[in-house]
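*Asks:* Quick one: sequence and predicted model below, then my questions.
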Amino acid sequence: MLMRPMLIPVLCVAALTAACDGDSVRISSTQTVDTDAKGALKVVQTLQCPQTMGSLTRKGAATAEGAVCTYAGPRGAEVSLHLVKLDGVSPDQALKAFEDRLSAAMPQAIAQLRTPASEKAGAAEASADATSTAGDRASVRAPGVDIQAEGDDASVRLPGLHIESKGDEASVRIGGFHIDANDGEGRVDIKGSEGGDNVSVQANQDAAEIRTSAGGGATRANWILTDNRPSEAGWRLVGYEARGPAGGPIVVATVRARDRDRGGVFEDAKDLVALNVGE
């Protein structure tokens, strides 16, 4: 029972940008961004808002002097493109305002994610100086290898990999990533960084929150909140994609969708951002 919820986030982190679906958790991560390879992001004065972008169709003309465009997507999805001048505000502060407004559309997801986890039960650790087995106990030690197991509890330490499991709980460390999973609670938490890029995933039963940001002075960030259960308005996914040069302005595409398949609509929203400010 433990291995499946543990392997889902591990594989998803390895696959990066992929979205994974399980019975109780959905995990997504982001690709490590090489800002030099991507090139400089453009300074935008007015948004480019094509009539269509993939599955999206623009609704009316740009508003707020070319700073906002709205699009309709399949199954009632809504995408808004914003040009945000920072004016002394940090990109994180500007994006937090978008996050707060989008979160308000799915309060049940936020409430579930903020539910405290139950206290972790302690478990005895098996230890020995050499390979041994006794009943349901096993121990293996060699240069660079330390494996201890007793009943449902296990500890595995290999170069670059550390796994701890206690009953239905597991803790995995792979490179810069730290993954904690609890099968009984349906909870998975992932935090990690590499080369200045950061990813954070929190999943609890039906709800999941994914946050990524790239290193460097430019803004390259996204945030997604999903839930199996629809909100009162029917939303199952909200989020944003944001990019912009250091100092701004930044271009932000917000997404609200009635299904959790973020593939089509979210990718089209990202394309709108890339059209305006670059990769």
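*Replies:* Thanks, I have the structure now.
*Asks:* can you tell me which helix in the chain is longest?
*Replies:* helix 263-277 (DSSP state H).
*Asks:* list the helices and strands that helix packs on?
*Replies:* strand 52-53, strand 56-58, strand 78-84, strand 237-244, strand 250-257 (3 or more Cβ pairs under 8 Å, 6 or more residues apart in numbering; DSSP states H and E). C-beta: built from backbone N, CA, C; applies to glycine.
*Asks:* what's near enough to touch residue 258?
*Replies:* Residue 258 makes contact with 75-77, 230, 234-237, according to Cβ atoms under 8 Å, 6 or more residues apart in numbering.
*Asks:* and if you look at residue 268?
*Replies:* Residue 268 neighbours (Cβ under 8 Å, 6+ apart): 53-56, 73, 79.
*Asks:* And for residue 85?
*Replies:* Here residue 85 is in contact with 248-249 (Cβ under 8 Å, 6+ apart).
*Asks:* any idea how far it is from residue 249?
*Replies:* Noted for residue 85: a distance of 5 Å to residue 249, by Cβ to Cβ, to the nearest Å.
*Asks:* where exactly do the helices run in this structure?
*Replies:* So, for the chain - with DSSP H - the helices run 3-15, 35-38, 91-103, 107-113, 263-277.
*Asks:* And the strands in the stretch 101-250 of the chain, which stretches?
*Replies:* For the stretch 101-250 of the chain, applying DSSP state E, counting those that start in this stretch gives strands covering 132-134, 137-142, 145-150, 153-158, 161-166, 169-174, 177-182, 187-194, 197-204, 207-213, 219-227, 237-244, 250-257.
*Asks:* Residue 190 contacts residue 201, correct?
*Replies:* Yes. Between residue 190 and residue 201 a contact is recorded at 4.0 Å, counting by Cβ atoms under 8 Å.
*Asks:* Looking at these two, which is more packed in?
*Replies:* More crowded of residue 190 and residue 201, by other Cβ atoms under 10 Å: residue 201, with 26 against 23.
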